[in-house]
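here is my input; please provide its structure:
(2 chains)
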Amino acid sequence: MMLSEETRDGVLILRCHEPRIDASHAPAFREEVIRRIEGGPGLVVLDLSEVTFVDSSGLGAIVSCLKRLGPRGNMAIAGARGAVMRLFTLTRMDKIFSLHDTAEAAVARLNG
Amino acid sequence: MALLTLNVDGELNQVAPIAVAVRGACAPFLDEEGLDAVELAVVEAATNVIRHGYGGRPGGRLSVSVEQVPDGVAVDLVDHAEPMPPRLLEAAEMPLPGDPDHVAGLAESGWGLALIRLSMDEVSYRPGPDGNWLRMIKRRA
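Here you go, the predicted structure:
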């Protein structure tokens, strides 16, 4: 169990407690996110504030989860910093995901 | 003299320990951003060898060493897997991000080699009968 969840203003907040989302964790991470978003409101904040490292496999898993939400859903990222933020910028995935300092800001954006 | 030499099984669960050890060996020579870049490049390179070179089969080995070079560090990765096609790494470009309004078409992979190249200052790859040798150099900012 690497995630905990909370619903706020109709948005599902998933907080990742695994500090590294790399090739060895990405499949389990993806499965757990998808299990938690199935049947949910379709608006999801992925809170990465406890995550210190994500590699391209982890990023692929995050993109895969976004795709699973479908055209009516949306996912925003909260708490990405340092190496994690740098990965989003380098891969230009900051053009795909909206990135926010806090889960509260990300929730507000998804409801805006 | 090498600052670090490791020889490990080519298994995905070895990648994080390798990356943490390499980061530690490089710590006296680079700032945090430089260390983040080296860590990412090492993870991407090692994962690539394990996934694509060894094709996920057990029994492969991976050697990693770190040495000081003028103004920075060199990280060497040696494997005995199927080599990468020539110039694949040296020519790797970051793929376009895709269209945020059509998420179904977004790619879920394809960033690894470009991340290695963008993270390091110099990357060279030499396949050979005694192993495939990847050298990645990171200089002090």
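
give me the residue at the spatial middle of the chain.
Here I'm looking at chain A. Taking CA atoms, centre = their mean, the centroid of chain A lies closest to residue A:46, which sits 3.0 Å from it.

hmm, no, I was thinking of chain B.
residue B:45 (2.7 Å).

hmm, residue B:77 and it touching each other?
Yes - contact criterion CB atoms under 8 Å: residue B:45 and residue B:77 qualify, at 5.3 Å. To be clear about C-beta, it is placed using only N, CA and C from the backbone, and glycine gets the same treatment.

shared neighbours of the two, anything?
Counting by CB atoms under 8 Å, 6 or more residues apart in numbering or on different chains, the common neighbours of residue B:45 and residue B:77 are B:134, B:136.

now the closest residue to residue B:13 other than its chain neighbours. Its backbone dihedrals?
Closest residue in space to residue B:13, ignoring its immediate chain neighbours: residue A:24 at 5.2 Å, by CB to CB, 6 or more residues apart in numbering or on different chains. Here is the backbone geometry of residue A:24 (degrees, to the nearest 10): phi -80, psi -20.

could you do residue B:33 as well?
phi -70, psi -40.

for the closest residue to it other than its chain neighbours, report the pLDDT, please.
Excluding the flanking residues, the one nearest residue B:33 by CB to CB, 6+ apart is residue B:141, at 6.8 Å. In the prediction, the pLDDT value recorded for residue B:141 is 87.

test my guess that residue B:141 contacts residue B:35.
No - between residue B:141 and residue B:35 there is no contact, the gap being 10.8 Å when judged by CB under 8 Å.

tell me which of the two has more neighbours.
residue B:35 (19 against 11; other CB atoms under 10 Å in any protein chain shown).

would you say the more buried one is within a helix?
Yes - per DSSP: H, G, I helix; E, B strand; the rest coil, residue B:35 lies within a helix segment.

nearest residue to it in space, ignoring adjacent ones along the chain?
Nearest one to residue B:35, counting by CB to CB, 6+ apart, is residue B:23 at 5.3 Å.

who are the contact partners of that neighbour?
Residue B:23 neighbours (CB under 8 Å, 6+ apart): B:35, B:38, B:39.

residue B:15 contacts residue B:48, doesn't it?
No - applying CB under 8 Å as the test, residue B:15 and residue B:48 come out as separate, 10.2 Å apart.

who's more crowded, those two?
The neighbour count for residue B:15 versus residue B:48, taken as other CB under 10 Å, is higher for residue B:15 (26 against 21).

residue contacts, that one?
Per CB under 8 Å, 6+ apart, neighbours of residue B:15: A:22, A:23, A:24, B:43, B:46, B:47, B:50.

tell me which of these is nearest to residue B:28?
For the contacts of residue B:15, the closest approach to residue B:28 (CB to CB) belongs to residue B:43, at 20.8 Å.

could you tell me which residues of chain A lie near chain B?
With CB under 8 Å from any CB of the partner chain as the criterion, chain A meets chain B at residues A:20, A:22-24, A:53, A:55-57, A:59-61, A:63-64, A:66-67, A:69-71, A:82-83, A:86-87, A:90-93, A:95-96.

low-confidence stretches in chain A?
Counting by pLDDT under 70, chain A contains no low-confidence range.

which one's the longest helix in it?
helix A:56-69 (DSSP state H).

strands paired with the helix or strand following that one, and their directions?
Counting by DSSP states H and E, the next helix or strand C-terminal to helix A:56-69 is strand A:74-78. Here strand A:74-78 is paired, per DSSP bridges, with strand A:43-47 (parallel), strand A:98-100 (parallel).
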